[in-house]
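# no sequence for this one, just the structure:
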């Protein structure tokens, strides 16, 4: 299990190759890449700044990954989340799961992303034509995360 919080961009292909290297048990790799959009809530977004609490953020994400590993057969995992100032089309987050089977890989990847959106201590501030604003949590993200609790 690897969790990294960083300002630098990441190479998706290199990260996935490194995660599955030398493990013949890997039969499935599922991944998610989050990207900065140019519009949010009807306003053009020039840039977004992500803030976090170092140490606390990594521990929260590690706990999310541990929960996924108790629910599904996960061989390995990688979560990279960027912080700092990002612009539209920049990569924000990468979640990669390796497993023996696709169902476990897909479910664990989606579970981790749903919980990253609702439980990881990040704060997002957008710069728009109307000024700077903090991004509020979306109700749809809470609903997505809640379904995992209901599934036991």
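Done, it's in. No experiment lies behind these values; they were computed from the predicted model shown.
# I'd like the distance between residue 53 and residue 122.
Separation of residue 53 from residue 122 (CB to CB, to the nearest Å) stands at 9 Å. Any C-beta I mention is one placed from the backbone N, CA and C, and that applies to glycine too.
# do residue 116 as well
The spacing between residue 116 and residue 122, counted by CB to CB, is 8 Å.
# joint contacts of these two?
Taking CB atoms under 8 Å, 6 or more residues apart in numbering as the contact rule, the neighbours common to residue 116 and residue 122 are residue 81.
# roughly how far apart are the nearest residue to residue 39 once chain neighbours are set aside and residue 106?
Leaving aside its chain neighbours, residue 39 sits nearest to residue 45 (6.2 Å; criterion: CB to CB, 6 or more residues apart in numbering). Computed as CB to CB, the residue 45 to residue 106 distance reads 29 Å.
# Which one of the two is surrounded by more residues?
Legend: neighbour count by other CB atoms under 10 Å for residue 45 and residue 106, higher for residue 45 (20 against 16).
# Quickly list what that one is bridged to.
The partner list for residue 45 in beta bridges (DSSP bridges) reads residue 128.
# what ranges of the protein fall below the confidence cut-off?
With pLDDT under 70 as the threshold, the chain has low-confidence stretches at 137-145, 150-152.
# about what we covered before: more neighbours: residue 53 and residue 122, which one.
residue 122 (21 against 13).
# So that one is in contact with residue 51, correct?
Yes - at 7.0 Å, residue 122 counts as touching residue 51 under the criterion of CB atoms under 8 Å.
# Enumerate every residue touching residue 52.
With contacts taken as CB under 8 Å, 6+ apart, residue 52 has the following neighbours: 5, 81, 83, 121, 122, 123.
# distance of it from residue 97?
Between residue 52 and residue 97 the distance is 22 Å, computed by CB to CB.
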